[in-house]
Structure formats: C-alpha cells, structure tokens
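A.B. asks: one predicted model, sequence on top.
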Amino acid sequence: DTGVSQNPRHKITKRGQNVTFRCDPISEHNRLYWYRQTLGQGPEFLTYFQNEAQLEKSRLLSDRFSAERPKGSFSTLEIQRTEQGDSAMYLCASSSDRDQETQYFGPGTRLLVL
Amino acid sequence: KQEVTQIPAALSVPEGENLVLNCSFTDSAIYNLQWFRQDPGKGLTSLLLIQSSQREQTSGRLNASLDKSSGRSTLYIAASQPGDSATYLCAVNYNNNDMRFGAGTRLTVKP
C-alpha cells in the first residue's frame, strides 16, 4: 500500500504562470478530494470526484482553477495565471465507497507564488 | 454559517501531563466529527472519528468526546509524550463530502 502520493512536493513560480499538480489516490479508492491549506489555518475543501465525475466544487475554486480526473484514477489540479494569494499547501485525499467517511491524505504540494 | 473553532491555538506542556483540546462548531446538524494530526509540512492522519449518534471514541491514549447539542468536542490525550507534538485538527463533516476544519491546536510536549 503506497498511500496517496502528490507531485511535486514543492513548487515555486512567478505570478502569472500556470501550474499543475498531480494526485495519485490509493488504488482501489474511487473518491478523490482536493483541499487548500494556508499557513496557520485548517484545510478548506475545493472539489470532490467520484470516479471521473466532479460532483462538488467549492466557491473557493475560481475560474482560474480546474481539476480533472479523466480515467477515474489520478487527478490533476491546474491553476492558471497564478496570484500571490494562491500560495498555500494543496492537499489531496481519497476514500473508498466501502468506507467513504475515512479520507486518507497525501503529503501535499506546497506552492509559493512570487 | 458552518464554523469550526479550536481552542487553544497553541499549547505547551511537560511530558507526562494529561491534556484536553477543544473544538466547537456552530451548526449541530453534523454527519460525523474527526480529529486529525498534522506534522509540520506533512499531510493529515486521522486519529478518531465519532459518528453523530456516538458520544465518544477511544484509541490508545486518545479519547474524543462529542456533545452535538452544545456543538462541542474534546480530544483528551493521556500521559503526553514528546512524540505527540504536532498540530491537532478538528473536522466536522456535514454531508459526508463537506468537511469543515478548525484552524488547529499546535501542541508541544517538552521532555
């Protein structure tokens, strides 16, 4: 069991650039979640997939953000035209239908926008 | 508005002490409540999950209680150890997909 993995672990970019993060959930998990965590705060829900379908999106997910899970396995989160306020830790979690209440979190991708 | 508040924001105790972390939430129509541990720069590890119909859950030296009517939960850590040093996050789940987190309590256990 390799757990939830996220890549890259760290990303530094200049304002206005696009960035893409990847999340690989636990293999048999069909539910996948993205969260954003700023310094000193708890994670905030961004979006949720069940298999390849994106079922919920937070209002925090502006039109510069897009998430995909094309084959119901790994997911990508893209941020276009990054702003300094996008600097945060982006966390991915997955769960199974059988135990959907228990979300397993990845180590996160820390983004710094200069 | 569904808000989750954790008090204190930071706590420092000597090794061996018993301690209590507090979590309060404004909307009592919860699905379940979880306590997580987060080490610096790392993801979250689930510690305890309490269903809305339950009053408490125990795992080793950890005990979590839930009082839904008053909108409160506590995490009790017995005989604290330096390895318990981490940030502890309370998360309230409202519809099984909408989990609201508190800002966390940063715990330091001094040897």
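C.D. replies: Received, thanks. Numbers count the residues shown, from 1 in each chain, chains lettered A, B, ... in the order given.

A.B. asks: and the residue of chain B closest to chain A?
C.D. replies: Closest to chain A within chain B is B:F101: 2.9 Å, counting by C-beta to the nearest C-beta. Bear in mind the C-beta positions are built from the backbone N, C-alpha and C, glycine included.

A.B. asks: helix, strand, or coil at B:Y76?
C.D. replies: strand (DSSP: H, G, I helix; E, B strand; the rest coil).

A.B. asks: how much space between it and B:V92?
C.D. replies: Distance of B:Y76 to B:V92, given as C-beta to C-beta, to the nearest Å: 18 Å.

A.B. asks: more neighbours: which of these two?
C.D. replies: The neighbour count for B:Y76 versus B:V92, taken as other C-beta atoms under 10 Å in any protein chain shown, is higher for B:V92 (28 against 15).

A.B. asks: quick one: strands adjacent to the helix or strand containing that one?
C.D. replies: For B:V92, the element it lies in under DSSP states H and E is strand B:86-93. Strand pairing for strand B:86-93, using DSSP bridges, gives strand B:32-38 (antiparallel), strand B:99-101 (antiparallel), strand B:105-110 (antiparallel).

A.B. asks: contacting residues around the shortest one?
C.D. replies: It stands for strand B:99-101. A:41-45, A:103, B:2-4, B:25, B:34, B:89-94 (C-beta atoms under 8 Å, 6 or more residues apart in numbering or on different chains).

A.B. asks: what ranges in the chain fall below the confidence cut-off?
C.D. replies: Reading this off chain A. Across chain A, the ranges flagged by pLDDT under 70 are A:1.

A.B. asks: not what I meant, chain B
C.D. replies: B:96-97.

A.B. asks: residue ranges of the helices in it, please?
C.D. replies: With DSSP state H, there are no helices along chain B.

A.B. asks: return the residues of it in contact with chain A.
C.D. replies: B:4, B:31-32, B:36, B:41-46, B:49, B:89, B:91, B:93, B:96-104 (C-beta under 8 Å from any C-beta of the partner chain).

A.B. asks: run the last query once more with 6 Å
C.D. replies: Selection of chain B residues close to chain A by C-beta under 6 Å from any C-beta of the partner chain yields B:N32, B:K42, B:G43, B:L44, B:L89, B:N97, B:F101, B:G102, B:A103, B:G104.

A.B. asks: burial of residue 28, as a residue count?
C.D. replies: Because you didn't say which chain, this covers chain A. With other C-beta under 10 Å as criterion, A:E28 counts 10.

A.B. asks: that's the wrong chain, I meant chain B
C.D. replies: Neighbours around B:S28, by other C-beta under 10 Å: 13.
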